[in-house]
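Asks: predicted coordinates and the sequence they were generated for:
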Amino acid sequence: MKKLRLILLLVLIFTGTGIGQFRDVLTDPSALTIARLRYGGGGNWYWGRSAIPNLHRFIAENTDIAVVDKEVNIRATDPELYNYPFLFLTGHGNIKFTEQEVSALRQYLTSGGFLFANDSYGLAAAFRREMKRVFPEKKLVELPFSHEIYHCRYEFPNGLPKIHEHDKKPPQGFGIFWEDKLVVFFAYESDIGDGWEDYEVYHDPPEKHLEALKMGVNIITYALTH
């Protein structure tokens, strides 16, 4: 039933009206809201307050996906989780899911949900560890530049854009697949999440800010159409 509920929600998203406008989620269940995944362990899951609102606005102004600009912070065990087909996780440092959250997140992801994790810096080791708990039989594998996530709306022929320097390593996009469907996408050494933020936060050049927003749209477009 959960999987059917999510499929119906996705169908509604692409058959809604009012293209390019924010919507009230209470009156229009087809409107998309990016939900931020909360987690324990001491990492700052709340990092980047202006990131999601800016991406919501860009989606509304540049795509036909109906969006409601509402702040939603949710845990994997929250009964409202299945109202949100797209989860965003970011922060620095440690992540620790409870056993209940591990089970709930696996059920969500294997039922049609999608998780985008952005390494804002120092998140990678903890994220990989926790994903191994969620999917002990799976590995985070690097996606080739030819993968559709880099081409489904905007073209990124060299994969993820490099927004912030961090350790000056090349950006990499990793994924976990379930039944041949990408259900987790992990952006490493790119930090498009911080690139979504207001100019005053990091003073990213306009072209970097735009690249980050476009890549965000690609990820969401891919997640909602596969």
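Replies: Yes, it's here.
Asks: and the next element down the chain from the worst-scoring helix or strand of the chain on mean pLDDT?
Replies: For the chain, the helix or strand with the lowest mean confidence is helix 2-13, at a mean of 41 (criterion: mean pLDDT, DSSP states H and E). Next helix or strand after helix 2-13 toward the C-terminus (DSSP states H and E): strand 35-37.
Asks: ok, that next one: who's next to it in the sheet?
Replies: The strands beside strand 35-37 in its sheet (DSSP bridges) come out as strand 73-74 (parallel), strand 86-91 (parallel).
Asks: if you compare those strands, which one is most tucked away?
Replies: Most buried of the strands paired with strand 35-37, by mean neighbour count (mean count of other CB atoms under 10 Å): strand 86-91, with a mean of 24. All C-beta atoms are positioned from the backbone trio N, CA, C, and that covers glycine.
Asks: can you list contacts of it?
Replies: Strand 86-91 has contacts (CB atoms under 8 Å, 6 or more residues apart in numbering) with 32, 34-37, 39, 43-48, 51-52, 74, 95, 108, 113-120, 123, 127, 193, 220, 223-224.
Asks: among those, which ones are in strands?
Replies: In this view, those that belong to strands under DSSP state E are A35, R36, L37, I74, F114, L115, F116, A117, N118, D119.
Asks: may I ask which two of those residues are separated the most?
Replies: I74 and D119 (20.3 Å; CB to CB).
Asks: wait, what's in contact with N94?
Replies: With CB under 8 Å, 6+ apart, N94 has these contacts: G41, G42, G43, A126.
Asks: number of nearby residues for the residue lying closest to it once chain neighbours are set aside?
Replies: Of all residues not flanking N94 in the chain, G41 sits nearest, at 4.0 Å (CB to CB, 6 or more residues apart in numbering). By other CB atoms under 10 Å, 13 other residues sit near G41.
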